[in-house]
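# What follows is a predicted protein model with its sequence.
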Amino acid sequence: MAGAGGGSNDVQWCFSQVKGAIDDDVAEADIISTVEFNHSGELLATGDKGGRVVIFQQEIEKSQPQCRSEYNVYSTFQSHEPEFDYLKSLEIEEKINKIRWLPQKNAAQFLLSTNDKTIKLWKISERDKRPEGYNLKEEDGRYIDPNTVTALRVPVFRPMDLMVEASPRRVFANAHTYHINSISINSDHETYLSADDLRINLWHQEITDRSFNIVDIKPANMEELTEVITAAEFHPHQCNTFVYSSSKGTIRLCDMRASALCDTHSKLFEEPEDPSNRSFFSEIISSISDVKFSHNGRYMMIRDYLSVKIWDLNMENRPVETYQVHEYLRSKLCSLYENDCIFDKFECCWNGNDSVVMTGSYNNFFRMFDRGQRRDVTLEASREGSKPQQVLKPRKVCADGKRKKDEISVDSLDFNKKILHTAWHPQDNIIAVATTNNLYIFQDKVN
Amino acid sequence: MINTMECAVDAQSLISISLRKIHNSRTQRGGIKLHKNLLVSYVLRNARQVYMNEKYAEIYRMQQYEEVMTVCNEIQELNPLDLAEDCEEQRGDCCGNGGVSEPASLCCAQLPVSQLVAVQSAHMQTPSACSAPLSLQRDEVCKETEPSFYQSCCAEAYPVSNCEFSPVNNLHCNKTTVLDLDTHVVTTVENGYLHQDCCASLQQCCQGAQYSGKKRKVDFEYYISDIEEVPDFTPCKRAKFEDCSYANSEHLDTSNISNLISIFGSGFSGLVSRQADLEQALALNGQFCSKQALSSLGAWTRAIVAF
């Protein structure tokens, strides 16, 4: 398989697979809410609004001349159920907000999945052998009368059809008053953080009955609240460092060695607001919806409503790169406010070698920005482009009235078709793009 | 400065949309989303700022007009023949700036010194001190400009110019037409008299220049019907009264406001205190607009941060 080199203009993206119902009538429970590759890229997990986790496994088809790979369903399980908080008379949604894979230590796979209030550690293990030849038990489980046993034998393991089991190993509950928006696993492989609107807690993977609060931005008087935490992530290599983003468009980097409570940041990444762009909705569009460290740990990427920005951790006053995702929406903000689209939280992701970043948009468009070559491309995830190996054609949105052929005008965009969640294989040029209820997998064209 | 030209929505409709969102969030599954409501409150605050700025600008223009008219009346009473010319000159100067309202003090600065005393006292006088038809017009303007307070910030600027309201200088006045986007009332200012060409929901407000006597009665009735609703002292009714120029579709928002008030209690204490102000303002009539504007200042601030 080709490495993850090359920019968006070198790579020709081809349709590989689409998972999910073809039906246009989308059941709310089927709406995909998170997508995540594991560390090897062999497994791809999705979470949905119904609280289910579906894991796909990559199978390399060596029989074909080109080594295409396909992702097939590996395991499905119900991670979270709807709950009711009787004290506050609040229903707790079962929607999976985030999935994060733990680094693999043994044959089993582990992942953390979270809804608004509770984080669960799941063990996904394979069983392809089973013991046979018990003395006191029949194969179907019925017990044998000991008096009828005349000879003894040693049970042996025999192959069986592969069975994938998912079992909840830990439940981390009752630590968050507000809605959990992020979980992030530490590079020490022992701890992880969970963040809600106002607080960040540090957990040990083995200990469920307590967590340490490391960030608390709740004001003494809630009337003075001006910002909330929107995302948080641990540094990929430095186990003492994490960042969290806020609704005001700032990112704070904290060092856990400095103090037990990291309310005071070590670094504050903030870009001055452009006064010429001030509008009723300036605060909304500057709110950061996602923050991701680069794999090398030197940069971090943030996504706000209209743009993707890349910050160098060594420079706090402005981002090193800014990419406009859909600037043509700036004049449509009031309509997007009315239909609530302005509150959509888009995620973003890096490719394996940090040369390209990707994020979603509306009309089932998604965008890739090649950092080195300074080029970008808009692609579409649609059933029309779903013939096997079909190369995706770049799309273009026409902002003004002069629409060229094959361009789509801003007013024709379907704002109900949004790509909020995307993921990039850690090594290869394979991407997973989630539309409302379908998961598209695209790969680069293998010549 | 907020760029208010981004789309054809006014601050008022943004406020009502935002309140609706906050209200709806209470019944959404999963509980109130703190992040979303915080962002909505920012939009509320921004819209309110624009709305208040427009309102203050309007009040300022109105006050200037009142002062100038007061001065002119004073001058006319003193010496109608000689000073009418002076007044025309003043207004001409004002109008010569393309309809931009000059501060009354500037206009009056050109008056002879002997009349400056009268001018200064006129500044302190209430609008009701002026002659009846003029005060009626002024009140009329006040009420009619009240809808204009809620005009789209993206709409044409409210073209108040002193000369247009002058009953004396009817030679060079332009006809100005203003459409209230909420009530769909078209108001024409012609030769110093106000017309309302068409009226959707506020039928009783339609008047022509020649029906000045009837105008007053109709206005009074118009307010009476709203006053009767007010004494309930519920925020719902109060909001409806002060939103007398709002479209009927805004009624939903008042129930939203009352719910919000019931949730947040003291956070909306400013709104409660406005009730007394409003009743006072009714009696003063002409001062209703400015009082309302000023009394709302603190309430909204507290309302927005109540989250």
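Nice, thanks for sending it over.
# those strands in the stretch 51-200 of chain A, which residues are they?
A:52-60, A:69-78, A:83-85, A:90-92, A:98-101, A:109-114, A:119-132, A:156-172, A:182-185, A:191-195, A:199-204 (DSSP state E, counting those that start in this stretch).
# so what secondary structure elements neighbour the fourth one?
Read that as strand A:90-92. On a contact count with 3 or more C-beta pairs under 8 Å, 6 or more residues apart in numbering or on different chains; DSSP states H and E, strand A:90-92 meets strand A:83-85. Just so you know, the C-beta spots here come from the backbone N, C-alpha and C atoms, and that holds for glycine as well.
# can you check the fifth one too?
Where contact means 3+ C-beta pairs under 8 Å, 6+ apart, strand A:98-101 is packed against strand A:32-37, strand A:43-48, strand A:109-114, strand A:182-185.
# would a markdown table of those strands with mean pLDDT be doable?
Below are the helices and strands packed on strand A:98-101 laid out as a markdown table (pLDDT from 0 to 100):
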| stretch | mean pLDDT |
| --- | --- |
| strand A:32-37 | 98 |
| strand A:43-48 | 97 |
| strand A:109-114 | 98 |
| strand A:182-185 | 98 |
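# Output these as CSV; include the columns distance to A:Arg403.
Formatted as CSV, those follow (distance: least, C-beta to C-beta, whole Å):
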stretch, distance to A:Arg403
strand A:32-37, 31
strand A:43-48, 35
strand A:109-114, 43
strand A:182-185, 40
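# and of the strands of the stretch 51-200 of chain A, who's closest to A:Asp312?
A:Asp312 lies closest, by C-beta to C-beta, to one member of these: strand A:182-185, at 20.3 Å.
# Spell out whether that closest one and chain B are in contact.
No: using C-beta under 8 Å from any C-beta of the partner chain, strand A:182-185 stays clear of chain B, with a minimum separation of 12.3 Å.
# strand partners of that strand, parallel vs antiparallel please.
strand A:191-195 (antiparallel) (DSSP bridges).
# tell me the mean pLDDT for the strand it pairs with?
Rounded to a whole number, the mean pLDDT of strand A:191-195 is 98.
# And the helices in chain A?
Counting by DSSP state H, chain A has helices at residues A:282-286, A:333-338.
# list the helices and strands the last one packs on?
Helix A:333-338 makes packing contacts with helix A:282-286, helix B:11-25 when contacts are defined by 3+ C-beta pairs under 8 Å, 6+ apart.
# any idea of the mean pLDDT in that helix?
On average, helix A:333-338 scores 94.
# Next, the buried residues of it.
A:Leu333, A:Cys334, A:Leu336, A:Tyr337 (16 or more other C-beta atoms under 10 Å in any protein chain shown).
# Hmm, A:Ile99 and A:Ala185 touching each other?
You called it Ala, but residue A:185 is Ile. No: in this structure, A:Ile185 is not within contact of A:Ile99 by C-beta atoms under 8 Å, at 11.0 Å.
# joint contacts of the two?
A:Leu112 (C-beta atoms under 8 Å, 6 or more residues apart in numbering or on different chains).
# thinking again about what came up before, could you dump the strands of the stretch 51-200 of chain A to JSON lines with mean neighbour count?
JSON lines is the format used below for the strands of the stretch 51-200 of chain A (neighbours: other C-beta atoms under 10 Å in any protein chain shown):
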{"stretch": "strand A:52-60", "mean neighbour count": "19"}
{"stretch": "strand A:69-78", "mean neighbour count": "16"}
{"stretch": "strand A:83-85", "mean neighbour count": "12"}
{"stretch": "strand A:90-92", "mean neighbour count": "17"}
{"stretch": "strand A:98-101", "mean neighbour count": "21"}
{"stretch": "strand A:109-114", "mean neighbour count": "24"}
{"stretch": "strand A:119-132", "mean neighbour count": "16"}
{"stretch": "strand A:156-172", "mean neighbour count": "13"}
{"stretch": "strand A:182-185", "mean neighbour count": "23"}
{"stretch": "strand A:191-195", "mean neighbour count": "23"}
{"stretch": "strand A:199-204", "mean neighbour count": "21"}
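# export the ones you listed to a markdown table and tack on distance to A:Ala432?
A markdown table is the format used below for the strands of the stretch 51-200 of chain A (distance: least, C-beta to C-beta, whole Å):
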| stretch | distance to A:Ala432 |
| --- | --- |
| strand A:52-60 | 9 |
| strand A:69-78 | 8 |
| strand A:83-85 | 29 |
| strand A:90-92 | 27 |
| strand A:98-101 | 12 |
| strand A:109-114 | 15 |
| strand A:119-132 | 18 |
| strand A:156-172 | 19 |
| strand A:182-185 | 19 |
| strand A:191-195 | 23 |
| strand A:199-204 | 27 |
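# tell me the SS of B:Gln49?
Following DSSP: H, G, I helix; E, B strand; the rest coil, we place B:Gln49 in the helix state.
# A:Gln373: neighbour count?
14 (other C-beta atoms under 10 Å in any protein chain shown).
# any idea how far it is from A:Ser307?
19 Å (C-beta to C-beta, to the nearest Å).
# For chain A, give me the ranges with low pLDDT.
Along chain A, segments meeting pLDDT under 70 span A:1-9, A:62-67, A:446-447.
# how close does A:Asp209 get to A:Ser113?
19 Å.
# Could you do A:Tyr178 as well?
Taken as C-beta to C-beta, the span from A:Tyr178 to A:Ser113 is 18 Å.
# just A:Glu61 next, same as before
In terms of C-beta to C-beta, A:Glu61 sits 29 Å off from A:Ser113.
# do A:Met222 as well
30 Å.
# what do you get for A:His237?
On the measure of C-beta to C-beta, A:His237 and A:Ser113 end up 25 Å apart.
# And for B:Ser16?
The gap separating B:Ser16 from A:Ser113 is 39 Å, by C-beta to C-beta.
# Output the helices of chain A in TSV, with distance to A:Ala432 appended to each entry.
Compiled in TSV, the helices of chain A are given as follows (distance: least, C-beta to C-beta, whole Å):
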stretch	distance to A:Ala432
helix A:282-286	27
helix A:333-338	26
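# Give me the phi and psi for A:Lys95.
When read as degrees, to the nearest 10, the backbone of A:Lys95 gives phi -60, psi 130.
# Neighbours of it, how many?
Neighbours of A:Lys95 using other C-beta under 10 Å come to 22.
# check contacts around the nearest residue to it once chain neighbours are set aside.
The spatial neighbour of A:Lys95 that comes closest, neighbours along the chain excluded (C-beta to C-beta, 6 or more residues apart in numbering or on different chains), is A:Lys49 at 4.4 Å. A:Lys49 is in contact with A:Glu28, A:Ala29, A:Asp30, A:Ile31, A:Ser33, A:Glu93, A:Glu94, A:Lys95, A:Ile96, counting by C-beta under 8 Å, 6+ apart.
# between those residues, which is nearest chain B?
Chain B lies nearest to A:Glu93 out of those, by C-beta to the nearest C-beta, at 4.1 Å.
# Quick check: the closest one touching A:Ile180?
No: A:Glu93 is beyond contact range of A:Ile180, at 11.0 Å (criterion: C-beta under 8 Å).
# Now list whatever residues contact both of those two.
Joint contacts of A:Glu93 and A:Ile180 (C-beta under 8 Å, 6+ apart) are A:Asn115, A:Asp116.
# okay but A:Ser167 is in contact with A:Leu121, surely?
No: assessed by C-beta under 8 Å, A:Ser167 is found out of contact with A:Leu121, at 9.9 Å.
# So for stretch A:333-344, first residue to last residue, what's the gap.
One end of stretch A:333-344 to the other measures 12 Å (C-alpha to C-alpha, to the nearest Å).
# try stretch A:272-279
First residue to last in stretch A:272-279 (C-alpha to C-alpha) measures 15 Å.
# same check, this time on stretch A:216-230
Across stretch A:216-230, first to last residue, C-alpha to C-alpha, it's 13 Å.
# if I pick A:Ile124, what's in contact with it?
A:Ile124 neighbours (C-beta under 8 Å, 6+ apart): A:Ile55, A:Tyr74, A:Ser75, A:Ala108, A:Gln109, A:Phe110, A:Leu111, A:Val164, A:Glu165, A:Ala166.
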